[in-house]
Structure formats: structure tokens, C-alpha cells
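Asks: Give the three-dimensional model of this entry:
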Amino acid sequence: GRQLNVLLARDWFHVLLEWPTIKSIGLLVAIWNASILFFALLYAAEDNVFSSTCNLAGPAEGPYPFATYFALSLETCTTVGYGLPGGGNAFFENCPSAIVTIYFQMLFSMLFNAFLMSVFFLRLGRCDTR
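Replies: Numbers count the residues shown, from 1 in each chain. All right, here's what the predicted structure looks like:
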């Protein structure tokens, strides 16, 4: 019990590599989805709190449904690019909080992508079995 917890805390990366593939992929997908949801909630909160300056929804439309904030978060995470409906400002000049949120989402996304590549590379290489 205690030794397993110490091993998990100290060497969690290799513990993850030893998990069955379906379990490790399930965990990584869950973490990725949770991060998209988290940042979508941040965008929704920013648009509601700073609606007079951010105007992600445009001046007369009011706040968007949550699916729109989710799409913005997904576009940011996957670096697809922005196609904001409702005449929203794609560069967020009037909304510094959105710029900061986008920055941190992109930082997390880049680090998580690097982590995923290392997990997949090591899983495919099966370097521990040689």
C-alpha cells in the first residue's frame, strides 16, 4: 500500500507507462477533455464578467451558449484558428483577460502534447521489454 503510493508519487510517468494501453489512453483523454472544459468555463466567465469590454458575443447578442465557449476552447487547444460568430473580435484587443487565458491554455496544450508524444513513443517502442 504505502510503497505503491511512494512509487506512484516519485515515478508516476513510468507507472503510467506500465498501465494497460486502454487505461492509460482513457486517463489521458479524460485529462485533455477536462482541460478543454476548464478553459471553456473560464471563457464563459470572462465574457459574463467583462462583457462591456470583451464582447465575445458581440454588442447586442448577450452571452453565447456554453457550446460556443467550448468551441473557442477547442479551437485554441487544437490551434485550428478562430472563426468567431457574431462579429466577435478575433484578436481580443479589448479583453486582456481572454489573451491571458488563451496564453495559458496554449502553454498547457503544448506541454500536454509533448507529454502525449513521449508516452506514445515509449509505449510503441516498448523499451522496457528489451
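Asks: remind me which residues of this protein are low pLDDT?
Replies: Along the chain, segments meeting pLDDT under 70 span 1, 4-5, 7-8, 50-63, 80-93, 126-130.
Asks: residue boundaries of the helices in it?
Replies: With DSSP state H, the ranges of helices along the chain come out as 2-10, 12-18, 21-49, 66-78, 96-125.
Asks: Tell me which of those is the most buried.
Replies: Using mean count of other C-beta atoms under 10 Å, the stretch among those with the largest mean neighbour count is helix 66-78, at a mean of 18. The way it works is simple: take the backbone N, C-alpha and C, and place the C-beta from them, glycine included.
Asks: what about it, distance to the chain center?
Replies: Put simply, helix 66-78 sits 9 Å off its chain's centre (C-alpha atoms, centre = their mean, to the nearest Å).
Asks: Same check on stretch 17-32?
Replies: Relative to the centre of its chain, stretch 17-32 is centred 16 Å away, using C-alpha atoms, centre = their mean.
Asks: From Asp47, how far off is the closest residue to Glu46 other than its chain neighbours?
Replies: Distance criterion C-beta to C-beta, 6 or more residues apart in numbering; nearest residue to Glu46, sequence neighbours excluded, is Ser97 at 4.9 Å. Using C-beta to C-beta, to the nearest Å, Ser97 is found at 10 Å from Asp47.
Asks: and what of Tyr64?
Replies: Distance, Tyr64 to Asp47, by C-beta to C-beta: 7 Å.
Asks: now Asn113
Replies: Note on Asn113: its distance to Asp47, by C-beta to C-beta, is 26 Å.
Asks: for Met117, same thing?
Replies: 33 Å.
Asks: Thanks a lot, see you next time.
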